[in-house]
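S.K.: mind folding the following:
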Amino acid sequence: MIDVRNNDELQHGMIPTAKHLPMDEVEEAFGLDEKEFKEKYGFLKLTKEELIIVHCRTGFRSNGVAIYLRDNGYHVKNYLGSVQAWSLIDKNVKMY
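M.R.: Okay, the predicted model is just below:
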């Protein structure tokens, strides 16, 4: 699961186990090799065979990321409702 919100939005909480990769860095990030990606983002670069779930605050921005990744051969789904929906389930994630 990849959170594509901006850095300043993370103060509102993250979905547990999600990794952060800002939306405006996605194209560049997926162009990096595995070593460069891990060094920059702190987690393994996902492969085209893995299911990638992307989310943001409400699902609108992450939908654009999902389309971009899908168009580039990745198996991806957009988490509709994203952090806002999750916050209704997990009280540790604050709504904003």
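S.K.: which other residues reach the least confident helix or strand in the chain by mean pLDDT?
M.R.: Of the helices and strands making up the chain, the lowest-confidence element is helix 82-89, at a mean of 75, by mean pLDDT, DSSP states H and E. Contacts to helix 82-89, defined as Cβ atoms under 8 Å, 6 or more residues apart in numbering, come from residues 3, 5, 12-15, 55-59, 62, 79, 93-95. No exception for glycine: its C-beta is placed from N, CA and C like everyone else's.
S.K.: and these, which is the shakiest by pLDDT?
M.R.: pLDDT across the contacts of helix 82-89 is at its lowest for residue 95, which sits at 43.
S.K.: what are the ranges of the helices in the chain?
M.R.: The residue ranges that make up the helices of the chain, judged by DSSP state H, are 26-29, 34-41, 60-71, 82-89.
S.K.: among the contacts of helix 82-89, name the buried ones.
M.R.: Listed as buried from the contacts of helix 82-89 are 3, 5, 13, 14, 15, 55, 56, 57, 59, 62, 79, 93; burial here means 16 or more other Cβ atoms under 10 Å.
S.K.: OK, contacts around the first one?
M.R.: Listed by Cβ under 8 Å, 6+ apart, the contact set of residue 3 reads 10, 14, 15, 18, 19, 20, 21, 55, 56, 83.
S.K.: who's in contact with residue 69?
M.R.: When contacts are taken as Cβ under 8 Å, 6+ apart, residue 69 is in contact with 26, 30, 52, 54, 76.
S.K.: count of neighbours near the residue nearest to residue 7 when sequence neighbours are not counted?
M.R.: The spatially closest residue to residue 7, leaving aside those adjacent along the chain, is residue 22, at 6.4 Å (Cβ to Cβ, 6 or more residues apart in numbering). The burial metric for residue 22, expressed as a neighbour count using other Cβ atoms under 10 Å, is 18.
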